[in-house]
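Q: here's my sequence, what's the structure:
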Amino acid sequence: MKQGSGVATRAYRSVHAGSSILDIVISVYDAAIIDLLRAKDARLGGRLDQELAALNQASHRVLGLRNALDSRLESKLVGHLARFYLTASFQMLAVPRRKDPIVAVERLIRQIRQMRDAWRDVAARAAVAAQVAIPPAGEAVPRDWNVIL
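A: Sure thing, here's the model as predicted:
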């Protein structure tokens, strides 16, 4: 098992080599969205075993995001993200028991897309900020930085 997980780790690192942490987070959101779309398609096709597998995979992905949070940081943002990920995971696993599973999956897709888009916005702002020269200590921040900040 250790050897197999080492192979998986090396494969993961080779795919994401050079990617920023924000790019990786966004790709996990994208993968969860794909899983949820697969679950919806499986439900519509009457393939309940495939629906459950896709929902499980999506749940594992968002729990992975939760586990990647630095719990040592005493931050409201970390707390909110942890609760969001945990709630989303529970909701994913509860989809088959919902009165209308399709509506439940579509709601989850919207929520995950909204979060993914927010992280894309953060990544875009970080990329712009990285290209702008930071003024030396004591100098005023240029007025056009309000667009970035």
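
Q: state the mean pLDDT of the strand or helix carrying V128.
A: Remark: V128 resides in helix 101-131, with elements defined by DSSP states H and E. Per-residue pLDDT values across helix 101-131 average out to 90.

Q: how about stretch 27-35?
A: The average pLDDT within stretch 27-35 is 96.

Q: got a list of contacts for that stretch?
A: By C-beta atoms under 8 Å, 6 or more residues apart in numbering, the residues outside stretch 27-35 that reach it are 16, 19, 54-55, 57-58, 61-62, 64-65, 109, 112-113, 115-116, 119. All C-beta atoms are positioned from the backbone trio N, CA, C, and that covers glycine.

Q: if you set the cut-off to 10 Å instead, what comes out?
A: Defining contact as C-beta atoms under 10 Å, 6 or more residues apart in numbering, one finds that stretch 27-35 is touched by 15-16, 19, 53-62, 64-65, 68, 88-89, 92, 108-110, 112-120.

Q: please identify which helix or strand holds I24.
A: Using DSSP H and E, the element containing I24 is helix 21-44.

Q: now L77
A: Mapping L77 onto the secondary structure by DSSP H and E places it in helix 76-94.

Q: find the residue at the geometric middle of this structure.
A: Nearest to the mean C-alpha position of the chain, counting by C-alpha atoms, centre = their mean, stands Y29 at 3.4 Å.

Q: any idea how far it lies from A58?
A: In this structure, Y29 and A58 are 10 Å apart, going by C-beta to C-beta, to the nearest Å.

Q: hey, what's in contact with both of these two?
A: Taking C-beta under 10 Å, 6+ apart as the contact definition, Y29 and A58 share the neighbouring residues I112.
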